[in-house]
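Visitor: Please find the sequence and the predicted model below.
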Amino acid sequence: MTVVEAARRSEVRSVVVDWFEGAARDLPWRAPDRTPWGVLVSEVMLQQTPVVRVEPAWRAWQEQWPTPADLAQAPTADVLRAWGRLGYPRRALRLQECARAVVERHDGVVPRTEAELRALPGVGEYTAAAVLAFAYGRRSVVVDTNVRRVLARAIGGVALPAPSYTAAERALATALAPEDDAAAARWAAASMELGALVCTAKAPRCGACPVAELCAWRRAGSPPDAHAGKRRTQAWAGTDRQVRGRVMAQLRQADEPTHPAVLAGLWADRAQLDRAVAGLVEDGLAEQDDAGRLHLPR
DNA sequence: AACGCGGGGAG
DNA sequence: CTCCCAGCGTT
């Protein structure tokens, strides 16, 4: 890398962190009274669910189960109902398993090392790094979909990152993370926030971007996405996921176990419905009694 | 590396 | 209508 490029990267970090000082959203999991467990809960909820929908759910959740011990003891049915429509309910299941693991392995205290965090259910590379940075102020390399996009544009000079996370992106992000703990944590939060608020996927607000003058993508003339066409959009209508969603919605609202006849009314394709129900049972999201009635796990 | 997994709001 | 969202675990 040239001296000029190194200086540009350093300048990008600097302007983004400065911008963040005045632009950071006032989110409850950033408040001074937040707990490491609250941060972990927020990160799991934010895996594929937008901030605006997570915020009210997170507040209610923290009120009901403020500590890992609280969640560990809760009836799973209550947990799945509180998860509501956040999507991907397996995350709720893993979050409760995670709470139990924190209680059993770590005396109810969210661990402070990457290896211990990664060993928890539902905690992957991103979430472990996020907890280290945002709960404990430790240096870590936090790369989510926002950061990937910011780096792809500002440093890489392309419209969007590759469809899947690459080793080269991880290396770049690692090289970019400041050495100092607090500085690295600030950079992590700031780069994510820029991607969420300004450097957005579809219609980036370059006019309001602190990086605009330095942005490699802008300097290259804002070329279009080279991966366009290779990106597969997830089908939804008619998929097993849609059927699972319908069944889970029924189980959440039901006070009593759901009869097979009621289930049958949820989806016309019987074979697909049976497959979806079997999948939910397999995943631990539902249980079937002797009469074939379906209910949430206790 | 590729796939399955919810749901809703914005464009 | 299509696209996208603070990803993870499994194959």
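Guide: Done, it's in.
Visitor: May I have the residues that are in contact with A:Ala276?
Guide: By C-beta atoms under 8 Å, 6 or more residues apart in numbering, the contact list for A:Ala276 reads A:240, A:243-244, A:247, A:267. Where you see a C-beta, it was placed from the backbone N, CA and C, and this is true even at glycine.
Visitor: Quick one: classify it as helix, strand or coil.
Guide: Put simply, A:Ala276 is helix when judged by DSSP: H, G, I helix; E, B strand; the rest coil.
Visitor: now the helices for the stretch 151-298 of chain A?
Guide: For the stretch 151-298 of chain A, applying DSSP state H, counting those that start in this stretch gives helices covering A:167-176, A:181-197, A:216-219, A:240-253, A:260-264, A:270-283.
Visitor: so which of those helices gets nearest DNA strand C?
Guide: The minimum distance between DNA strand C and the helices of the stretch 151-298 of chain A falls on helix A:181-197, with 4.7 Å, by C-beta to the nearest atom of the strand.
Visitor: and the angle from the closest one to helix A:167-176?
Guide: Put simply, helix A:181-197 runs at 130 degrees to helix A:167-176, going by axes from the mean of the first three to the mean of the last three C-alpha atoms, to 10 degrees.
Visitor: ok, and what's touching helix A:181-197?
Guide: Applying C-beta under 8 Å, 6+ apart, the contact partners of helix A:181-197 are A:13, A:16-17, A:19-20, A:23-25, A:30, A:51, A:129-130, A:133-134, A:137-142, A:144-151, A:176-178, A:205, A:209-211.
Visitor: what residues does the stretch 1-150 of chain A put near DNA strand B?
Guide: Residues of the stretch 1-150 of chain A lying close to DNA strand B (C-beta under 7 Å from any atom of the strand) are A:48-50, A:52-53, A:85-90.
Visitor: Can you tell me which of these are buried?
Guide: In terms of neighbour count (16 or more other C-beta atoms under 10 Å), the buried residues within these are A:49, A:86-87, A:89-90.
Visitor: Quick check: mean pLDDT of stretch A:177-188?
Guide: Averaged across stretch A:177-188, pLDDT comes to 98.
Visitor: Look up the closest residue to the closest residue to DNA strand C within the stretch 101-250 of chain A, ignoring the ones flanking it.
Guide: Using C-beta to the nearest atom of the strand, the closest approach of the stretch 101-250 of chain A to DNA strand C is made by A:Gly124 at 2.6 Å. Nearest residue to A:Gly124 in three dimensions, chain neighbours excluded: A:Arg118, at 7.1 Å (C-beta to C-beta, 6 or more residues apart in numbering).
Visitor: any idea how far the one you found is from A:Arg112?
Guide: Between A:Arg118 and A:Arg112 the computed distance is 13 Å (C-beta to C-beta, to the nearest Å).
Visitor: The most centrally placed residue in chain A sits in which helix or strand?
Guide: Closest to where the C-alpha atoms of chain A average out (C-alpha atoms, centre = their mean) is A:Gln47, at 1.8 Å. Assigned by DSSP states H and E, A:Gln47 falls within no helix or strand.
Visitor: Hmm, it is touching A:Gly87, no?
Guide: No - the criterion here is C-beta atoms under 8 Å, and A:Gln47 misses it with A:Gly87 at 9.4 Å.
Visitor: contacting residues for the residue nearest to the centre of chain A?
Guide: Counting by C-beta under 8 Å, 6+ apart, A:Gln47 touches A:88, A:91, A:126-127.
Visitor: before we move on, what about A:Ala99?
Guide: Contact analysis of A:Ala99 by C-beta under 8 Å, 6+ apart lists A:65, A:68-72.
Visitor: again, only this time at 7 Å
Guide: A:68, A:71-72 (C-beta atoms under 7 Å, 6 or more residues apart in numbering).
Visitor: Among those residues, which one sits closest to A:Asp107?
Guide: Each of these was checked against A:Asp107 using C-beta to C-beta; the closest is A:Pro68, at 9.7 Å.
Visitor: Can you give me the neighbour number for the closest one?
Guide: 27 (other C-beta atoms under 10 Å).
Visitor: Surely it and A:Asp107 touch.
Guide: No - the pair A:Pro68 / A:Asp107 is not scored as a contact, 9.7 Å apart, by C-beta atoms under 7 Å.
Visitor: What average pLDDT does stretch A:30-41 get?
Guide: Averaging pLDDT along stretch A:30-41 gives 97.
Visitor: Quick check: end-to-end length of it?
Guide: Taking C-alpha to C-alpha, to the nearest Å, stretch A:30-41 runs 12 Å from one end to the other.
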